[in-house]
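*Asks:* Sequence below, structure please.
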Amino acid sequence: MRNLRQLSQQFSDFFQGHFQGRFPNRSATRHPKSGSTAEWFLPFLKLAAANTASNLMVPLAGLIDTAFLGHLEDIRYLNGVALAAIIFNVIYWSFNFFRMGTTGPTAQALGQAQQRNDETEVWLILFRNFLLALGVGLGVWLMRDAIANLSFSLLQASPSVKLAALDFYHGRILGAPAVLVNFVLLGWLLGRSQGKQVLALAVVGNCSNIVLDYWFIQILGWRSYGAGLATALSQYLMLAVGLGLILAGGVPWHLWPKIKSQLWRPAELRALFGLNFDILVRTFAIVISMSLFTNFSSGMGDTVLGVNTLLLQIVLMSAHFMDGVALAVESYAGNFYGRRAWNDLSRLLLLGAAGSVILGVAIALTVVMWPKSLFGLLTSHRSLLSQVPQYAVWLIPVLGLGGAAFTLDGYFLGLTAGRTLRNATLLAAFVGFLPLALIASNLQSPHLLWLALAGLMAMRVVTLAGQVPKTLQGR
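*Replies:* Next up is the predicted model:
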């Protein structure tokens, strides 16, 4: 442990020398202040903006990946990567609870630490979740062949596309441990309201991915394997910088004996696994609902599927903006809850929800007013462009209600109320969405299908909003 501390100090000195002045150290980090809203509202907006910018790096890098592969001589490489990406979406969406299950507990522990002047619990969460994510990530890598055999037996494609997909898979799966550990680092930094560090990691991860894509695909000619390997290596670079930033802030190694003795306490492990399970169920309910929406759209004909696919791209793009606000709400809600700052907690929810709803409706209205101009950038098919306007109006309720739903998700994640989120999402999926979606499928009604999606959002808002008063009973 002494050698580890010495090594940590050396790295800390190095990163402090290179990053000092760019990122605040641990003692200088500004935490949410209780009192008047003006004291914390501007930092909250800055955190939301940093989160949004970080989120937008992901689709940007994806577009550039697609451009590199799309200009190769054979389209099978692009299709292969798209096929294999389904596998990684399932894997990493499933384990995203490492991020969600870290932010809220960290923010709450930080709020309590500010009152007790003891950050043991804050660092305990980092060490425990880091080790768990590393173990699970290594397990995924060790099971890579079994996962590949099962996944590719279920996916349908031509032999050449499957071969390209397998090459991408073997390259990208190498990054599984880094991806899951990065979830924890991002969650921990978000819990500490360190938006600049989160943005820095997003820039490092995505920009290095672009550079490596160019090197491996264009220069070395590794095609789909190169695309997968570039993504994997960029995750390790992101991990290295993340650890460096944490070390630069100073790690309280003097707390290690206390942390070590509490690392695997059964009660806290049960609470952690329970929260992660609830988040996993909640995530699956949303993913299944969106998958059914696409599946039912395909049953209504190619034109409806094409139109709905275009509109869903707007929904997904908007989610990156609204999720930036939700992540800031999650961080601040956990901190306020940890300090029992009830008035700030209620004001935070109102301001966050108002901001997300306005943002969602503004995006929807922009699309409704200029649908052909905007979608003309994405497709040249006149049959799709002629149908888009009549369905684009559904973006108003979907994104408006979705903005409120995103904020409430962030609020309850910050409070680590996983069971509330799980139950609300299951109710929304099986009561708000599924019955209407099945009727829409039977009647072949695209409008009713969009009503079902709006119902999913509305039910999430109603059920979660109904639980808010219980969280403020200590006021």
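
*Asks:* How about residues contacting stretch 203-221?
*Replies:* Residues outside stretch 203-221 that contact it (CB atoms under 8 Å, 6 or more residues apart in numbering): 57-58, 60-61, 64-65, 68-69, 72, 182, 222-223, 225-227, 229-231, 233-235, 237-238, 241. Bear in mind the C-beta positions are built from the backbone N, C-alpha and C, glycine included.

*Asks:* Centre-most residue in this structure?
*Replies:* Most central residue of the chain, judged by C-alpha distance to the mean C-alpha position with CA atoms, centre = their mean, is N96 at 7.0 Å.

*Asks:* which residue packs closest to I314, ignoring adjacent ones?
*Replies:* In this structure, I314 finds its nearest non-sequential neighbour in V367, 5.7 Å apart by CB to CB, 6 or more residues apart in numbering.

*Asks:* before we move on, back to that, just confirm the residue nearest to the centre of the chain contacts F183, I think it does.
*Replies:* Yes: the pair N96 / F183 is scored as a contact, 6.4 Å apart, by CB atoms under 8 Å.

*Asks:* And stretch 354-366, how far out from the chain middle?
*Replies:* For stretch 354-366, the distance from its own C-alpha centre to the chain's C-alpha centre is 20 Å (CA atoms, centre = their mean, to the nearest Å).

*Asks:* my bad, should have said stretch 325-344
*Replies:* On CA atoms, centre = their mean, the centre of stretch 325-344 falls 19 Å from that of its chain.

*Asks:* residues of that stretch that come out buried?
*Replies:* By neighbour count with 16 or more other CB atoms under 10 Å, stretch 325-344 contains the buried residues 325-339, 341-342, 344.

*Asks:* Which ones among those map onto strands?
*Replies:* With strands taken from DSSP state E, there is no overlap with the buried residues of stretch 325-344.

*Asks:* Can you go through the contacts of stretch 203-221 and name the buried ones?
*Replies:* With neighbours counted by 16+ other CB under 10 Å, those contain buried members at 57, 61, 64-65, 68-69, 72, 182, 222-223, 225-227, 229-231, 233-235, 237-238, 241.

*Asks:* Find the least confident helix or strand in the chain, judged by mean pLDDT.
*Replies:* Of all the helices and strands that make up the chain, helix 2-19 has the lowest average by mean pLDDT, DSSP states H and E, namely a mean of 45.

*Asks:* before we move on, back to that, and the residue nearest to the centre of the chain, how close does it get to A454?
*Replies:* Applying CB to CB, to the nearest Å, one obtains 25 Å for the distance of N96 from A454.

*Asks:* Same question for G139.
*Replies:* When distances are taken as CB to CB, G139 and A454 turn out to be 39 Å apart.

*Asks:* still on that earlier bit, helix or strand: which one has the residue nearest to I314?
*Replies:* In this assignment (DSSP states H and E), V367 forms part of helix 342-369.

*Asks:* Next SSE downstream of that helix?
*Replies:* Reading on from helix 342-369 to the C-terminus, the next helix or strand found by DSSP H and E is helix 371-375.

*Asks:* for that next one, which positions count as buried?
*Replies:* Of the residues in helix 371-375, those buried by neighbour count under the rule 16+ other CB under 10 Å are P371, L374, F375.

*Asks:* tell me the contacts of the residue nearest to the centre of the chain?
*Replies:* F183, I279, T283.

*Asks:* Report how many residues lie close to Y236.
*Replies:* Each residue near Y236 was counted by other CB atoms under 10 Å, and the total is 18.

*Asks:* Longest helix in the protein, please.
*Replies:* Secondary structure assigned by DSSP state H gives helix 302-338 as the longest helix of the chain.

*Asks:* From the rest of the structure, what touches stretch 150-161?
*Replies:* Residues from elsewhere that reach stretch 150-161, judged by CB under 8 Å, 6+ apart: D74, R76, N79, G80, L83, I86, I87, K162, A165, L166.

*Asks:* out of these, which are buried?
*Replies:* The neighbour-count test (16+ other CB under 10 Å) marks R76, N79, G80, L83, I87, K162, A165, L166 as buried among the contacts of stretch 150-161.

*Asks:* Identify the farthest-apart pair in those.
*Replies:* In the buried ones among the contacts of stretch 150-161, the most distant members under the criterion CB to CB are R76 and I87, with 17.1 Å between them.

*Asks:* on that earlier part again, against which helices or strands is the helix holding V367 packed?
*Replies:* helix 37-70, helix 302-338, helix 382-392, helix 395-414 (3 or more CB pairs under 8 Å, 6 or more residues apart in numbering; DSSP states H and E).

*Asks:* Is it possible to get CSV of these that adds mean pLDDT and distance to A424?
*Replies:* Listed next are these as CSV, based on pLDDT from 0 to 100; distance: least, CB to CB, whole Å:
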stretch, mean pLDDT, distance to A424
helix 37-70, 77, 23
helix 302-338, 87, 15
helix 382-392, 82, 27
helix 395-414, 95, 8
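
*Asks:* deepest of those helices, which one?
*Replies:* For these, the largest average neighbour count (mean count of other CB atoms under 10 Å) is found in helix 395-414, namely a mean of 27.

*Asks:* hang on, A240 is in a strand, isn't it?
*Replies:* No: counting by DSSP: H, G, I helix; E, B strand; the rest coil, A240 falls outside a strand, being helix.

*Asks:* residue contacts, I396?
*Replies:* V361, A364, L365, V368.
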